[in-house]
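Asker: I would like to see how this sequence folds:
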Amino acid sequence: MQQERGHLDMTRFSLGGLIITLGIVYGDLGTSPLYTMKAIVLGGVDNFNELLIYGSLSCVFWTLTLQTTIKYIIITLKADNRGEGGIYALFALIKKKSSLAAILTMIGGAALLADGVITPSITVTSSVEGLRLFNPDIHVVPIVLVIFAVLFFIQQFGTNIVGSSFGPIMVIWFLMLGVLGFSQLVISPDILRAVNPVFAVRFLIQYPGGFILLGAVFLCTTGAEALYSDLGHCGRKNIRISWLFVKTMLLLNYFGQGAFLLTNNIEGDDFNPFFALMPSWFLLPGVLISTAAAIIASQALITGSFTLISEAVSLNFWPKIRILFPTHIKGQVYLPSVNWFLWITCSLVVIFFEESSNMEAAYGLAITITMIMTTLLLSYYLYQKSGNTRFALLVLIIFLTIEGSFLIANLHKFRYGGWFTLLLALIYFLIMLGWYFGRKIKNRYITFINLAEYLPLIKDLSNDKSVPKTATNLVFLIKANNKDQVESKVLYSIFQKQPKRAVTYWLLHVDRVDDPYRFEYEVEQKIPGILIRIDFHIGFKIEPKINLYFKEALEDLVQTGEIKLESGFDSLKKHDFPGDFKFILVERIIIRDFKLSNWENFILTINSIAQWISLPETRSLKLDPTITVTEQVPIIIDQSVERRISRSG
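Answerer: The predicted structure is shown next:
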């Protein structure tokens, strides 16, 4: 309860909440001035003129206004699943979870995870490149690799100690952005005319290659999707109000860079207008603050990836992997396999691309796809929620047009490195596709049986002294949502696999619900004292420690006098020994004698590959391995036989 109150306090509007929000939510968006204008200028360096600056700044202003402010801050943040945000929470809100909606969610989630590799790389590299202002020959790559090694190493210890300083550092960062930009606006206030959307239209129509440069403009809003994903950490009010400050500081800096570019000469391919704004005496502290902000942005993307995959696991989009909780802060998770994978891939990106300018050419393509998927799901959700077709259609048309334009502009990045993030996104997508639909294919062949028909048999078996007692308490994990049913595989295990006698049979059903923090159970005695079903209703943000929750439920039942946890063996019962327990996990195996479609075979092949990274159910549900047994039973598929083998002779 203490943790939950801490979570709620964090999402309540307050000055402290605003500062925390700056450190958690705006890492990616907040550090975009490091590379956005640089990418625009380098893209138009062969045709540098006023239209390039005025037009691109106008595009930046209206992108932050339409895409970030209206779509995400005003509209999308309302689509919260009991305070939680992100594309998986949006999927959980949709009432009719069709296969198409699931695929859109997979594509969006996969692209967002792929973006989590390129963002830390480009952000940290851009900031460290500022050191070249002191020494042009400095080797940036080794420094970035050392920063990554330290950053990913400390993840296993939790980030609450370091994280407490993120907010104040980001306050300093944003104030620095505003002051640096304002110092140039005082000199050239005429640059503010770029707010006029006419300049954006002229830029796209008249400037040579202006539409392609939208790919560089898009870099200013790449962190908007992460903003939505962090809704559960900070709360809607804190994000919305802090955005007023963040947007103001960002625009001041962008327009300040534009003013500087119009009044100064550009020299060299490694020219960065962001650092050019700094007076010589402020260069060193400016580079240090920039590096700190870049590390914070990277940290936000890393923890965001942890949260994203843990939610995917809970919603059965991702194989079950090891999830740890390194601190007492609710919602902070650590995924060892994801952490080390990100460290390796981020390091490889830095080694392969070397320069931030090379990464800029590859950056933005994957996240555009995520934004389009969010728009499609959001429009569908708005239609389902309100029934207002016009508003949902308006949202779909406006933002699909904007994001479709960005996607087309970004497609040229494919050959310059965009293929890397798309390849990574494809790998993520295939894992989700195989896991989600493979599970559905297997579930299609589950047969459920009404328990009422077997209650007398279970009672007779429990009292049959001729059958050796398997355990005093035999526990089966079931998936039957209907409380009057059970999978045939469970009855197969009890009666046919090898008859299993017990004093009490327990049927545990784990219901992972859309409410992220629901945490309760209910009990129904099918045969008092002999067959008992417990349903655990657990939100997708709650760790499934089923062994612990079952133990707590047993303690409650003993206290109320509903059961007695005494041994089923007379010699032990008289000495007050407690009853022993054995968990039976029944795994279904599809026998390949049966003919499936090419699509089903493809999905099951991917599902088998995904099993390699999946934890066994014993570990994923936190069961006691010393008393858990896994059995395999065949999935029976009823198929007509074209030709039956005949007996000869």
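Asker: for this structure, which strand is longest?
Answerer: When the chain is parsed with DSSP state E, its longest strand is strand 501-513.
Asker: for the next helix or strand after it, buried residues please.
Answerer: Next helix or strand after strand 501-513 toward the C-terminus (DSSP states H and E): strand 519-527. Neighbour-count burial for strand 519-527 flags Tyr521, Lys526 (criterion: 16 or more other C-beta atoms under 10 Å). (C-beta placed from N, C-alpha, C; glycine too.)
Asker: strand 519-527 pairs with which strands, parallel or anti?
Answerer: Counting by DSSP bridges, the strands paired with strand 519-527 are strand 531-539 (antiparallel).
Asker: neighbouring contacts of the strand it pairs with?
Answerer: Residues outside strand 531-539 that contact it (C-beta atoms under 8 Å, 6 or more residues apart in numbering) are 451, 455, 458-459, 483, 504-526, 544, 546, 549-550, 553, 563.
Asker: got the angle for that strand vs strand 501-513?
Answerer: In terms of direction (axes from the mean of the first three to the mean of the last three C-alpha atoms, to 10 degrees), strand 531-539 departs from strand 501-513 by 20 degrees.
Asker: on that earlier part again, helices or strands next to the longest strand of the chain in the packing?
Answerer: The helices and strands touching strand 501-513, judged by 3 or more C-beta pairs under 8 Å, 6 or more residues apart in numbering; DSSP states H and E, are helix 455-463, strand 469-478, strand 531-539, helix 546-559.
Asker: can you put these in a markdown table and add mean neighbour count, distance to Ala259 and mean pLDDT?
Answerer: Shown next, in a markdown table, are the helices and strands packed on strand 501-513 (neighbours: other C-beta atoms under 10 Å; distance: least, C-beta to C-beta, whole Å; pLDDT from 0 to 100):
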| stretch | mean neighbour count | distance to Ala259 | mean pLDDT |
| --- | --- | --- | --- |
| helix 455-463 | 14 | 81 | 93 |
| strand 469-478 | 20 | 65 | 91 |
| strand 531-539 | 20 | 50 | 92 |
| helix 546-559 | 15 | 60 | 92 |
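Asker: list the contacts of the residue lying closest to Thr31 once chain neighbours are set aside.
Answerer: Closest residue to Thr31 apart from its sequence neighbours, by C-beta to C-beta, 6 or more residues apart in numbering: Ala297 at 4.6 Å. Listed by C-beta under 8 Å, 6+ apart, the contact partners of Ala297 are Gly27, Asp28, Gly30, Thr31, Thr119, Pro120, Thr123, Gly223.
Asker: and of those, the nearest to Thr626?
Answerer: Distance ranking of those against Thr626, using C-beta to C-beta, places Pro120 first at 41.0 Å.
Asker: next up, phi/psi of the closest one, please.
Answerer: Here the main-chain torsion angles of Pro120 (degrees, to the nearest 10) amount to phi -60, psi -40.
Asker: from memory it sits against Phe148, does it?
Answerer: Yes - assessed by C-beta atoms under 8 Å, Pro120 is found in contact with Phe148 at 7.3 Å.
Asker: could you check how far the closest residue in space to Leu621 that isn't next to it in sequence is from Glu524?
Answerer: Nearest residue to Leu621, sequence neighbours excluded (C-beta to C-beta, 6+ apart): Ile546, at 4.3 Å. Distance, Ile546 to Glu524, by C-beta to C-beta, to the nearest Å: 18 Å.
Asker: ok, now Thr560?
Answerer: With distances taken as C-beta to C-beta, Thr560 is found 14 Å from Glu524.
Asker: Thr447 now?
Answerer: Counting by C-beta to C-beta, the separation of Thr447 from Glu524 is 22 Å.
Asker: any regions of this protein where pLDDT drops low?
Answerer: Applying pLDDT under 70 to the chain flags residues 1-13, 158-164, 266-270, 326-332, 514, 540, 590-595, 635-644, 649.
Asker: mind listing what's buried along the helix or strand hosting the residue nearest to Thr31?
Answerer: In the assignment (DSSP H and E), Ala297 maps to helix 283-314. In terms of neighbour count (16+ other C-beta under 10 Å), helix 283-314 has its buried residues at 286-287, 289-314.
Asker: how distant is that helix from the center of its chain?
Answerer: 14 Å (C-alpha atoms, centre = their mean, to the nearest Å).
Asker: also stretch 348-355?
Answerer: 25 Å.
Asker: quick one: buried residues of it?
Answerer: Buried residues in stretch 348-355, defined by neighbour count with 16+ other C-beta under 10 Å: Val349, Val350, Phe353, Glu355.
Asker: counting neighbours, what do you get for Ile530?
Answerer: 17 (other C-beta atoms under 10 Å).
Asker: how close does it sit to Gly232?
Answerer: According to C-beta to C-beta, Ile530 and Gly232 sit 43 Å apart.
Asker: just Glu311 next, same as before
Answerer: The gap separating Glu311 from Gly232 is 9 Å, by C-beta to C-beta.
Asker: overlap of the contact sets of those two?
Answerer: The contact sets of Glu311 and Gly232 overlap at Gly86, Ala89, Lys541 (C-beta under 8 Å, 6+ apart).
Asker: which residues touch the first one?
Answerer: Residues near Gly86 by C-beta under 8 Å, 6+ apart: Tyr228, Ser229, Leu231, Gly232, Thr307, Leu308, Glu311.
Asker: for these, which one is nearest Phe153?
Answerer: Of all those, Thr307 has the smallest distance to Phe153: 19.8 Å, by C-beta to C-beta.
Asker: show me where the stretch 351-500 of the chain has helices.
Answerer: Along the stretch 351-500 of the chain, counting by DSSP state H, counting those that start in this stretch, helices occupy 356-362, 365-386, 389-410, 418-444, 455-463, 488-492.
Asker: what do you get for the stretch 1-150 of the chain?
Answerer: Along the stretch 1-150 of the chain, the stretches classed as helices by DSSP H, counting those that start in this stretch are 2-11, 15-24, 27-30, 36-43, 50-63, 87-93, 99-128, 140-153.
Asker: deepest in the core, which of these is it.
Answerer: Compared across the helices of the stretch 1-150 of the chain, helix 27-30 shows the largest average neighbour count, a mean of 27 (mean count of other C-beta atoms under 10 Å).
Asker: residues in contact with it: which ones?
Answerer: Outside helix 27-30, the residues that touch it by C-beta under 8 Å, 6+ apart are 22, 68, 119, 123, 170, 173-174, 177, 220-224, 226-227, 246, 250, 293, 296-301.
Asker: then stretch 176-183?
Answerer: Contacts to stretch 176-183, defined as C-beta under 8 Å, 6+ apart, come from residues 30, 33, 248-257, 277-278, 286, 289.
Asker: and which of those is nearest Ser493?
Answerer: Distance to Ser493 across the contacts of stretch 176-183 (C-beta to C-beta) is lowest for Gly30, with 55.5 Å.
Asker: quick one: the closest one from Leu250, how far?
Answerer: 7 Å.
Asker: tell me, what's touching the two both at once?
Answerer: The contact sets of Gly30 and Leu250 overlap at Phe174, Leu177 (C-beta under 8 Å, 6+ apart).
Asker: mind listing the shared neighbours of Pro120 and Phe148?
Answerer: Ser298, Cys346.
Asker: what sits against Ile427?
Answerer: By C-beta under 8 Å, 6+ apart, Ile427 lies in contact with Ala110.
Asker: one step back: in ChimeraX, how would I select just the buried ones from the contacts of stretch 176-183?
Answerer: Those of the contacts of stretch 176-183 that count as buried under 16+ other C-beta under 10 Å are selected in ChimeraX with:
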select :30,33,249,250,251,252,253,254,255,256,257,277,278,286,289
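Asker: out of the contacts of stretch 176-183, who's nearest Ile154?
Answerer: Using C-beta to C-beta, Ile289 is the member of these that lies nearest Ile154, at 20.3 Å.
Asker: report the separation between the closest one and Thr123.
Answerer: Separation of Ile289 from Thr123 (C-beta to C-beta): 13 Å.
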